[in-house]
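> need a 3D model of the following:
(2 chains)
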Amino acid sequence: MTEVLCTVSTKAILLGNEAIARGIVEAGCLVACAYPGTPSSEILPAVAKFADEMGSPMAVEWGVNEKVAFEMAAAASFTGSRSCAVMKQVGLNVAADPFMSSALYDLKGGFLLVVADDPGPHSSQTEQDSRHFAMFAKIPCFDPSSASEAKEMVFDAFDLSERFHVTAMLRPSVRVDHCRQDVELGEILPFKGEVKFEKDPSRWVCLPAKVRVNHPKLNAKLEEIRAAFETEFRKYNYEVPAKKESVLGIVASGVSFSIVSDILKSLGREDVAVLKIGTPHPLPVKMVTDFIEKHPRVLFLEETYPVMEMQIPDRTKIMGRWNGVVPGAGELLPEVVAGILADILGIESPSGADSMLKDTLEELGITPRKPMLCPGCPHRASFFSIRQALPNAVNPSDIGCYSLGVNQKAVDAIIDMGGSVTMGSGLTLAHKVAGIDRPVVSTIGDSTFFHMGIPGLVSAVYNRHPFVLAILDNSTTAMTGGQANPGVGEKLRKGDEGRKVDIEGVCRGCGVSHVRTVAAYDVAAGKEAIKEAWESAKEKKEPAVVIFRHPCMLLRLQQPVIPVRVDPEKCIGCKFCINFFNCPGLVFNEESGKAYIDERFCVSCGVCLSVCPHGAIVEVSEEGE
Amino acid sequence: MQYVIVGIGGQGILFTSRILGKIAVERGEQVMGSEVHGMAQRGGSVISHFKVGNYRSPLVMAGDADILLAFDQNEGIRNLHFLKKNGSMVVNVHSEDDMKNSSLTAFLKDRSIRVYSLAGYELLKKHMGGNFLFLNVLLMGAMCGANISGLTFEEVSRAVKELSPSKFEDANMKVFRLGYDSISSGQ
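Numbering: from 1, shown residues only, chains lettered A, B, ... in the order given. Below you'll find the predicted structure:
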């Protein structure tokens, strides 16, 4: 993790996620667990860093997936410890089972659930609103509008959880997670309770009879919390009144409040009032309906679903998502909010794309750059081998950097974490029923394999599904910034020792008999291994595993430097290398009709030497060049 | 003061807002910024927002930025709409010809946008053995040399020095000076 602190007295500039982490440590949390996922990934490493610096005794650990992390943290709270679980929005889908059932419990220690949402989305497969999940589970939710507020909410969420014995959710959105702001620092609050698990099956065993008692109890708690949100939390729920007679009222939560505040200020509007809501569930309905009554029209701004809006019984005066004033999808960027305001207030809309600038982009052919695997990325070599070995194969893949294998036409379908393995099974079954003989080669990363790949693999062995599973092991959780995982064995806190879990051993233990490991950079060996695995899978009627291994480039390990160039005499301009290798360092010059090496990006990994079918990519000889 | 910093994932953009943040906090000013992490970092277009002063939102609205710091020429041009009238762009140029495009020059003139360009890759090839990871400090130097941010050579170079990993400290100081001189001497 990077050195982020630059402290002046008690203030530091922190990333929103670091501010949340600091709050978790200061609040005296004793057990913190997570699985990394953008935009939440930086929280847990920062918890470990602050805990080390401040001498907290707390445990800080990656769970192998969000369900594991959630259950570890929830059980810790059964002992009276303050605990927290951290994940991204789709991570809560994975942890939905323990989330829903523990919501009904009379918890003991404060239990904080931090779920980071990704409106946009920027790095996710959905833009779901976790506040809805809070509503679904009937638990309270805090929606911070800034990094400093997110930190403060951590304390209140722990307090609220202990006061009402419920799970408390903090829902930062990506703009809060990844904002950078000066934040006040404090010390660790002393822990006053006692850590002790007291046997009480009526409290800790989720039998149906208990649910019939707990559900009405939770409903009552929710109303008490709502009453508290109406009166006690004025630092999060408050009105910024209009200075003149108001023409519009705005109810805003999260970062939408921050954005609309800056816009109103720059417009100099003194006839618009804003009601800020930091606790969207349970909504302080009276506070909001009183505000609605005072204003001729009321606009609701919140991300990404109409969670506050839906809790208002009479929406006639509301302009929001129900009547299409606010777009039903996408991030509420400043330009979007300014456009909505301009329409409502009848003022000039902020200038759209300038026509001269539009012409420039068209004339120069400038488009946004799509994400690509890094230069030298071992996955690029693996995808090339897989695609070339069995060009007719169907290639399900998974969540992680390797979803970018789609650029190499080596990824055909992705659903979610671990889905590559189970899609391998599903496709194989459909082919079998229809009598189709077509290979299926799935790809999954090391961390994702541990996360949710293993149950699918066991199922495939049990049901005898012949397909190939390629595990792309780069010894890190790369897409989210390089977190350790069981295959690495490292842990977060200084002095904590983990134990490395062997992927080959896990596969064999699941019952796979054909397990081969190849160096990802060795394209010839990779191709051979995939062909051999497919033959073995068909013959034995069971999944076969090929592990492609090479460390992630972000780990910046030393490796041989093999400078290359494109021989323009041999390059025929077929674009095979562009279409199937797709490296930022290997680009096509439309004018000359030839490929060339872009030295700004090339890291001289040398893999592309085995890519060109015409032998046009050659090693730079020491004397000649 | 509102900055928009653009480039391609992997160019070291995040370091720039850390430098700006450190300076602002030492001056006792409030800061607010927004960064890109995750998938978009993998070689795609990235954008950081950074605001110094009394703001609530971490995002700069189109037409409001004072300074556009472009690690990549194409990304700079693509994000010019963020600049306000009379704003400034500091840009790492790889094609002088593209910068002469008539629609572009008309747009820049219409908005009175000042452009400070430097051939970052050439400079780093010539002076730093082609290590392009120094681009961030080079551009900070250039911005400082352009004298548009209200930040002095001393305070920016001190912040760069203090935030540099020790093994890159001397090289970063050299690159900072290189960027500074490449713009300030050209004026």
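
> centroid-nearest residue for chain B?
Centroid-nearest residue in chain B, with CA atoms, centre = their mean: B:Leu69, separated by 3.0 Å.

> next, that one: secondary structure please.
Three-state assignment for B:Leu69 (DSSP: H, G, I helix; E, B strand; the rest coil): strand.

> so what's it up against?
Residues near B:Leu69 by CB atoms under 8 Å, 6 or more residues apart in numbering or on different chains: B:3-6, B:16, B:89-90, B:139, B:143. Bear in mind the C-beta positions are built from the backbone N, C-alpha and C, glycine included.

> how about a cut-off of 6 Å?
B:Leu69 sits next to B:5, B:90, B:139 when contact means CB atoms under 6 Å, 6 or more residues apart in numbering or on different chains.

> check A:Val307 too.
A:131-132, A:280.

> need those in a markdown table with distance to B:Met99, can you?
Below are the contacts of A:Val307 laid out as a markdown table (distance: CB to CB, whole Å):
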| residue | distance to B:Met99 |
| --- | --- |
| A:Arg131 | 46 |
| A:His132 | 48 |
| A:Pro280 | 48 |
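
> which of those residues lies closest to A:Leu345?
A:Pro280 (24.9 Å; CB to CB).

> please report the distance of the closest one from A:Ser261.
Applying CB to CB, to the nearest Å, the value for A:Pro280 to A:Ser261 is 17 Å.

> now do B:Asn86
For B:Asn86, the distance to A:Ser261 (CB to CB) stands at 25 Å.

> these two: which is more packed in?
A:Ser261 (19 against 10; other CB atoms under 10 Å in any protein chain shown).

> next up, the contacts around the more buried one.
So A:Ser261 contacts B:Arg56 (CB under 6 Å, 6+ apart).

> for it, grab phi and psi.
phi -60, psi -50 (degrees, to the nearest 10).

> now swap in B:Lys85 and tell me
The phi/psi pair for B:Lys85 (degrees, to the nearest 10) is phi -60, psi 140.

> what does B:Val91 give?
Phi and psi for B:Val91, reported as degrees, to the nearest 10, are phi -140, psi 140.

> from chain A, how far off is it?
13 Å (CB to the nearest CB, to the nearest Å).

> which parts of chain B are strands?
Shown for chain B, the strands assigned by DSSP state E span residues B:2-8, B:31-34, B:45-52, B:65-70, B:83-92, B:114-118.

> TSV please, covering those and showing mean pLDDT.
Putting the strands of chain B into TSV (pLDDT from 0 to 100) gives the following:
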stretch	mean pLDDT
strand B:2-8	95
strand B:31-34	91
strand B:45-52	93
strand B:65-70	97
strand B:83-92	96
strand B:114-118	96
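
> quick one: name the residues of chain B near chain A.
Counting by CB under 6 Å from any CB of the partner chain, the residues of chain B close to chain A are B:8, B:21-22, B:25, B:31-35, B:37-40, B:42-45, B:55-59, B:61-62, B:74, B:77-78, B:80-81, B:98, B:101, B:103-104, B:106-107, B:121, B:132.

> buried among those? Make that a PyMOL selection.
Selection of buried members from these for PyMOL, criterion 16 or more other CB atoms under 10 Å in any protein chain shown:
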select buried, chain B and resi 8+21+22+25+31+32+33+34+35+37+38+39+40+42+43+44+45+55+56+57+58+59+61+62+74+77+78+80+81+98+101+103+104+107+121+132
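
> and the helix or strand bottoming out on mean pLDDT in chain B, what's buried?
Taking mean pLDDT, DSSP states H and E as the measure, helix B:13-26 is the helix or strand of chain B with the lowest mean score, a mean of 89. Using 16+ other CB under 10 Å as the test for burial, helix B:13-26 gives B:13-25.

> sorry, back to before: the residue nearest to the centre of chain B pairs with what?
Counting by DSSP bridges, B:Leu69 is bridged to B:Ile5, B:Val90.

> same question for A:Met319.
A:Leu299.

> need the longest helix for the chain.
Let's take chain A. helix A:208-231 (DSSP state H).

> I was thinking of chain B, sorry if that wasn't clear
Secondary structure assigned by DSSP H gives helix B:169-184 as the longest helix of chain B.

> how about the closest residue to A:Arg171 other than its chain neighbours, phi and psi?
Excluding the flanking residues, the one nearest A:Arg171 by CB to CB, 6 or more residues apart in numbering or on different chains is A:Ser130, at 4.9 Å. For A:Ser130, the backbone dihedrals (degrees, to the nearest 10) come out as phi -70, psi -20.

> who's in contact with the longest helix of chain B?
By CB under 6 Å, 6+ apart, helix B:169-184 touches B:116, B:118, B:127, B:134, B:137-138, B:141-142, B:144-146, B:157, B:160, B:164.

> try 8 Å
Taking CB under 8 Å, 6+ apart as the rule, helix B:169-184 contacts B:90, B:116, B:118, B:123-124, B:127-128, B:134, B:137-147, B:153, B:156-157, B:160-161, B:164.

> buried subset of those, written for ChimeraX?
Remark: buried members of these, expressed as a ChimeraX selection using 16+ other CB under 10 Å:
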select /B:90,116,118,123,124,128,134,137,138,139,140,141,142,143,144,145,146,147,156,157,160,164
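
> tell me which helix or strand of chain A sits lowest on mean pLDDT?
Ranking every helix and strand in chain A by mean pLDDT, DSSP H and E puts strand A:7-8 at the bottom, with a mean of 44.

> hang on, the earlier thing: and the longest helix of chain B, what's its mean pLDDT?
Over the span of helix B:169-184, the pLDDT mean works out to 94.

> that one vs helix B:13-26, what angle?
Inter-element angle recorded for helix B:169-184 and helix B:13-26: 90 degrees (by axes from the mean of the first three to the mean of the last three CA atoms, to 10 degrees).

> show me which residues of helix B:169-184 are buried.
Within helix B:169-184, the residues that qualify as buried are B:171-173, B:175-180, B:182-184, counting by 16+ other CB under 10 Å.

> would you confirm that the residue nearest to A:Arg171 contacts A:Asn93?
No: with contact defined as CB atoms under 8 Å, A:Ser130 and A:Asn93 do not form a contacting pair (9.8 Å).

> looking at these two, which is more packed in?
Shown here are A:Ser130 and A:Asn93; by other CB under 10 Å, A:Ser130 has more neighbours (31 against 20).

> which ones are touching the more buried one?
A:89, A:92, A:115, A:117, A:141, A:169, A:171.

> same thing but at 6 Å, please
A:89, A:92, A:115, A:117, A:171.

> using TSV, lay out those together with distance to A:Leu469 and pLDDT.
As requested, the contacts of A:Ser130 are arranged in TSV below (distance: CB to CB, whole Å; pLDDT from 0 to 100):
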residue	distance to A:Leu469	pLDDT
A:Gln89	27	98
A:Leu92	27	98
A:Val115	30	98
A:Asp117	32	98
A:Arg171	35	98
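
> got the residues of chain A near chain B?
Checking chain A against chain B by CB under 6 Å from any CB, the hits are A:6, A:8, A:13, A:38, A:122-123, A:175, A:178-182, A:258-259, A:261-262, A:334-335, A:356-357, A:359-360, A:363-364, A:366, A:368-372, A:584, A:600.

> in strands, which of the residues you listed appear?
A:8, A:13, A:179-182.

> buried ones only from the residues you listed, please, as a ChimeraX command.
Here is the ChimeraX command that picks out the buried ones among those, judged by 16+ other CB under 10 Å:
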select /A:13,179,180,181,182
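
> quick check: the gap between the residue of chain B most remote from its centre and B:Lys109.
Largest separation from the mean C-alpha position in chain B: B:Ser102, at 24.2 Å (CA atoms, centre = their mean). To B:Lys109, B:Ser102 is 10 Å away according to CB to CB.

> A:Cys33 now?
57 Å.

> and those two? Which one has more around it.
A:Cys33 (25 against 10).

> skipping adjacent residues, who's closest to the more buried one in space?
Nearest to A:Cys33 is A:Ala69, by CB to CB, 6+ apart, at 3.9 Å.
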